[in-house]
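Student: A predicted structure for the sequence below; I have some questions about it.
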Amino acid sequence: MGIPVGAIVYSKAGRDKGRYYVVVKTAENLEFVYIADGELRKLERPKIKKEKHLRDTKFVIEKLAEKFTGGKVVHNAEVRSALRPYNDKTDGTVEDTDKAAEKDIAENDEK
């Protein structure tokens, strides 16, 4: 798959199912990526997750991607701020979050 650094991804499986994250870095074997949301999963301890358990929304936050790849300091507040429109879209239930993710992906595919 090859999800790029700075991409917004949606978790399809695991305890964190139904939440949006930002890809912080990719693992060497490209099967895994490190993700964080700045809230539950902070940048100091990103979660490693298989790409097959994530849905790529095809949105990349260029400002964060440049900072991650350039080795610059990124604050958890920046990540939270970037993800706020995504994680606040639903009332928190998995069904609503799945619908919101499907809508985002469909809108992005139309562009």
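Tutor: On my side now, so go ahead.
Student: Give me the three-state assignment for V79.
Tutor: V79 carries the three-state label helix when classified by DSSP: H, G, I helix; E, B strand; the rest coil.
Student: Just read off the phi/psi values of the closest residue to it other than its chain neighbours.
Tutor: Spatial nearest neighbour of V79, chain neighbours left out: G38 (3.3 Å); criterion: C-beta to C-beta, 6 or more residues apart in numbering. For the C-beta atoms, the positions are set from N, CA and C on the backbone; glycine is no exception. In terms of degrees, to the nearest 10, the main-chain angles of G38 are phi 80, psi 0.
Student: Tell me who's in contact with G38.
Tutor: The contact partners of G38, taken as C-beta atoms under 8 Å, 6 or more residues apart in numbering, are V22, H75, N76, A77, E78, V79, R80, L83.
Student: Out of the residues you listed, give me the one that has the most neighbours.
Tutor: When these are compared by neighbour count (other C-beta atoms under 10 Å), V22 ends up highest, at 30 neighbours.
Student: Check what pLDDT the nearest residue to that one once chain neighbours are set aside gets.
Tutor: Nearest non-adjacent residue to V22, counting by C-beta to C-beta, 6+ apart: V79, 5.5 Å away. Note for V79: predicted pLDDT of 93.
Student: Contact partners for V79?
Tutor: Neighbour list for V79: V22, A36, D37, G38, L43, L64 [criterion: C-beta under 8 Å, 6+ apart].
Student: out of these, who's nearest T57?
Tutor: Within the contacts of V79, the smallest distance to T57 is 10.5 Å, found for V22 (C-beta to C-beta).
Student: Please, which helix or strand holds that closest one?
Tutor: Per DSSP states H and E, V22 falls inside strand 20-26.
Student: Could you give the average pLDDT over that strand?
Tutor: On average, strand 20-26 scores 94.
Student: in that strand, what's buried?
Tutor: Buried residues in strand 20-26, counted by 16 or more other C-beta atoms under 10 Å: Y20, Y21, V22, V23, V24, T26.
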